[in-house]
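Enquirer: Generate a structure from the sequence data that follows.
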Amino acid sequence: MGAKIGGGGGNKFDLGQNSDINVTPFVDVMLVLLIIFMVAAPLATVSIKVDLPPATPPPPGMKQKDPVFINVEQYGKVYIAAKETSLATLITDIEAALASPNPTEERIMIRANAYVPYRDFMAVLNTLQGNGFLKIGLISEDI
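Expert: Numbers count the residues shown, from 1 in each chain. Okay, here's the model as predicted:
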């Protein structure tokens with residue numbers, strides 16, 4: 001703990017001064033921090049469903065349809081390709097741009113300006129997912 005036993009001169013009841021570091025409190029604090037991080041780490045994980053594409057390539061000669069690109073700009077402006085739209089008409093404009101009998105099965109890519117507020121981006125994403133469009137890709141760009 002912290003006593004010097006034996007050695008040195010002086011009286012037999014003189015314990016002297018101990019200059020060694022007492023590591024017991026340090027170990028106790030580290031163990032408590034370890035337990036706190038072990039308990040907190042599983043709480044930090046978020047469950048996001050990821051729909052990965054199949055591992056097999058499409059047969060030769062089969063051309064996949066190009067996805068529809070949605071651009072979210074500042075001040076709530078939303079574009080499908082080069083055509084401006086709004087959240088109220090987003091679904092009908094996407095269905096018209098896809099021109100597919102089952103538009104919810106088609107791929108849609110979303111790109112947002114770096115200065116777009118998160119709530120505007122999530123409003124577009126929630127509108128799409130709420131109407132059954134689940135094959136959505138996110139495009140990120142370096143600033």
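Enquirer: following whichever helix in the chain runs longest, which helix or strand comes up?
Expert: For the chain, the longest helix by residue count, based on DSSP state H, is helix 24-40. Per DSSP states H and E, the first helix or strand lying C-terminal to helix 24-40 is strand 68-72.
Enquirer: same for that next one, what does it pack against?
Expert: strand 78-80, helix 90-98, strand 108-112, helix 118-130 (3 or more C-beta pairs under 8 Å, 6 or more residues apart in numbering; DSSP states H and E). For the C-beta atoms, the positions are set from N, CA and C on the backbone; glycine is no exception.
Enquirer: Is it possible to get JSON lines of those that adds distance to Asp20?
Expert: Compiled in JSON lines, the helices and strands packed on strand 68-72 are given as follows (distance: least, C-beta to C-beta, whole Å):
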{"stretch": "strand 78-80", "distance to Asp20": "68"}
{"stretch": "helix 90-98", "distance to Asp20": "70"}
{"stretch": "strand 108-112", "distance to Asp20": "59"}
{"stretch": "helix 118-130", "distance to Asp20": "54"}
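Enquirer: who wins for proximity to Gly137 among those?
Expert: Counting by C-beta to C-beta, Gly137 lies closest to strand 108-112 out of these; the figure is 4.6 Å.
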